[in-house]
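Trainee: What follows is a predicted structure for the sequence shown.
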Amino acid sequence: MSAPHEYDDRPAEETAPVAADGAYPPELSLNVPSLDDLEPSLPEQVRQRITTLTAAALPGLPNEEIPFPLRRVARFAPNRRAKLGGQALAAQLASDPLFRQRIGARVVTETGDLGAAVAGGMAPAAADPVEVAALAYLARPDGWRELIEAAGESVRAEADSAAVANLVHEAEQRAARAEHDRAVAKVEADKLRDELARVREELGQLREEARSSSRALREAQAAGKRASDLLATEKGRTAKVAADHDAEVRRLRTRLAEAEALAATGKQSVKDARAAGDARLWLLLETIGQAASGLRRELSIGPTDKLPADFVADVSADRPGALERSRPRAQDTDDPGRLDQLLALPRAHLIVDGYNVTKRGFAEMSLEQQRKRLVTGLGGIAAQTGDEVTVVFDGAERVHGLPPAPRGVRVLFSHKGDTADELIRQLVRAEPSGRPLVVISSDREVADGVRRHGAYPMGADSLLRRLARG
């Protein structure tokens, strides 16, 4: 058996007692809803007020009296309960008379005198009709439908009054705006009349000024035409003078350009000659200095304790036990030892007749291979001695795309129409007198020519033997 106030959410058919023959008791046999049980049509304001009152009273019910679907709503915050659970509350009120009765009793108690009056079937004249209708819906006293209908008529009347008042207010606003617009239009019309009068006066002044300007313009045009004629005459005379002046300027500029070109050529020639002379002088001084240092080092000249008489005695007298001095043997032009001695001189310059050497030493190779082999070997000599090395080839067989020469080796090709022999002689003539120059060529004409300029000619075999030795 259920507790006295425990809420049973089963349908009424399952909880009603049933007779042995299957018939309901007389008081429950007719379960047809009466007119009072039908839900009335509620105004929206009344519906919202009912939801608010129910949401406020819901937490005050014991948990067992709260229907199961609303127990979660009862735990909502007060300000969210009516907003989020409004539909569930309205549905439960419409379908559950017992829940509505419990809520109504609690709401009537909480609203005091107003609630008691409505529960007694009375509606105070000063009371809010919406509040009265909400309390009547929950308490269901006799005549509660009339109270709800009266509240609905009152709400509708208030809405109609508000609408009429709104319409009257809008009409008054439109009338005020129209009056304001009329006053503004009047003021603007007065301003426009004044402006029109001012514009007409200015227009008259402008017309008078335009007539004066037209007369002045005609006079100015006539004066301008006279000035144009004079200007054209002056321009013709000025153009002739300018043309004569330009011709004279061009002639003078031509003469100036020629003079400047001659001066530049002379300056460059003097500069080149001076640079070549400076280079020759510097190289000669450097050669002399290094030659002196080399000779001092090679001859091991240092302080001596012998007096001049001792040297005379050595030359002009025999000493007991003295050995006979040996004479140096002659060295020919193909001796690699002689070549080594010459290359050991300070600041020596080795000049090689390229094809004269390659065709004598390895003629079976192609010209490209001959050049490569010779230049590579000369790179080794330059690295060992530190001397300047120049190899000259005839320009007729010159090819492009040669690999870079080794450090210290200069590779030259004679100009088209010239020979390597002539280029070698030019290189020798360009060097200062006194610098050690070694020319490698088996061509007798080349050897005789360079010897006259102070160079040391050596045969191609001397270089080939030197290269073979490594």
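Mentor: Looks like it came in fine. Worth saying up front: this structure is predicted, and the values here are computed from it rather than measured. Residues are numbered from 1 along each chain as shown.
Trainee: backbone phi and psi for Met458, please?
Mentor: Phi and psi for Met458, reported as degrees, to the nearest 10, are phi -130, psi 150.
Trainee: Arg140 too?
Mentor: Backbone torsions of Arg140, given as degrees, to the nearest 10, read phi 50, psi 50.
Trainee: Can you verify my assumption that it contacts Ala105?
Mentor: No - at 10.7 Å, Arg140 does not count as touching Ala105 under the criterion of CB atoms under 8 Å. C-beta coordinates here come from the backbone N, C-alpha and C atoms, glycine included.
Trainee: residue boundaries of the helices in the stretch 201-350 of the chain?
Mentor: Using DSSP state H, counting those that start in this stretch, the helices assigned to the stretch 201-350 of the chain run over residues 308-316, 336-343.
Trainee: export the strand or helix carrying Arg371 as PDB, just CAs?
Mentor: Of the helices and strands defined by DSSP states H and E, Arg371 is found in helix 367-385. C-alpha atoms of helix 367-385 as PDB (Å, rounded to 0.1, in the frame of the first residue of the first chain):
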ATOM      1  CA  LEU A 367      99.700  19.200 -80.900                       C
ATOM      2  CA  GLU A 368      97.300  19.400 -78.000                       C
ATOM      3  CA  GLN A 369      99.100  16.700 -76.100                       C
ATOM      4  CA  GLN A 370     102.500  18.200 -76.900                       C
ATOM      5  CA  ARG A 371     101.400  21.600 -75.400                       C
ATOM      6  CA  LYS A 372      99.900  20.000 -72.400                       C
ATOM      7  CA  ARG A 373     102.900  17.900 -71.600                       C
ATOM      8  CA  LEU A 374     105.400  20.800 -72.000                       C
ATOM      9  CA  VAL A 375     103.300  23.300 -70.000                       C
ATOM     10  CA  THR A 376     102.900  20.700 -67.200                       C
ATOM     11  CA  GLY A 377     106.700  20.100 -67.000                       C
ATOM     12  CA  LEU A 378     107.400  23.900 -67.000                       C
ATOM     13  CA  GLY A 379     105.000  24.200 -64.100                       C
ATOM     14  CA  GLY A 380     107.200  21.900 -62.100                       C
ATOM     15  CA  ILE A 381     110.300  23.900 -62.900                       C
ATOM     16  CA  ALA A 382     108.500  27.200 -61.900                       C
ATOM     17  CA  ALA A 383     107.500  25.600 -58.700                       C
ATOM     18  CA  GLN A 384     111.000  24.300 -57.900                       C
ATOM     19  CA  THR A 385     113.000  27.500 -58.900                       C
END
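Trainee: about what we covered before: pick out the shakiest of the helices of the stretch 201-350 of the chain, pLDDT-wise.
Mentor: Ranked by mean pLDDT, those bottom out at helix 308-316, with a mean of 39.
Trainee: wait, what's in contact with Ala259?
Mentor: For Ala259, no contacting residues are found, by CB atoms under 8 Å, 6 or more residues apart in numbering.
Trainee: ok, now how distant is Ser441 from Glu368?
Mentor: The gap separating Ser441 from Glu368 is 21 Å, by CB to CB, to the nearest Å.
Trainee: Show me which of those two is the more surrounded one.
Mentor: More crowded of Ser441 and Glu368, by other CB atoms under 10 Å: Ser441, with 28 against 11.
Trainee: Help me confirm that that one comes into contact with Asn356.
Mentor: Yes - between Ser441 and Asn356 a contact is recorded at 5.0 Å, counting by CB under 8 Å.
Trainee: Could you give the average pLDDT over the helix holding Arg371?
Mentor: The average pLDDT within helix 367-385 is 93.
Trainee: go on, stretch 134-142?
Mentor: 80.
Trainee: That stretch: how far from the chain's middle?
Mentor: The chain centroid and the centroid of stretch 134-142 are separated by 78 Å, computed with CA atoms, centre = their mean, to the nearest Å.
Trainee: CA atoms only for it, dumped as PDB, please.
Mentor: Provided in PDB are the C-alpha atoms of stretch 134-142 (Å, rounded to 0.1, in the frame of the first residue of the first chain):
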ATOM      1  CA  ALA A 134      -3.300  32.300 -13.100                       C
ATOM      2  CA  LEU A 135      -4.400  31.600  -9.500                       C
ATOM      3  CA  ALA A 136      -7.900  30.600 -10.700                       C
ATOM      4  CA  TYR A 137      -6.300  28.100 -13.200                       C
ATOM      5  CA  LEU A 138      -4.200  26.500 -10.400                       C
ATOM      6  CA  ALA A 139      -6.800  26.600  -7.600                       C
ATOM      7  CA  ARG A 140      -9.900  25.800  -9.800                       C
ATOM      8  CA  PRO A 141     -12.600  27.400  -7.600                       C
ATOM      9  CA  ASP A 142     -16.200  27.600  -8.800                       C
END
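Trainee: what's in contact with it?
Mentor: The contact list for stretch 134-142 (CB under 8 Å, 6+ apart) reads 36, 40, 42, 46, 49-50, 53-54, 93, 100-101, 103-105, 107-108, 111, 114-115, 118-121, 123, 144, 147-148, 151.
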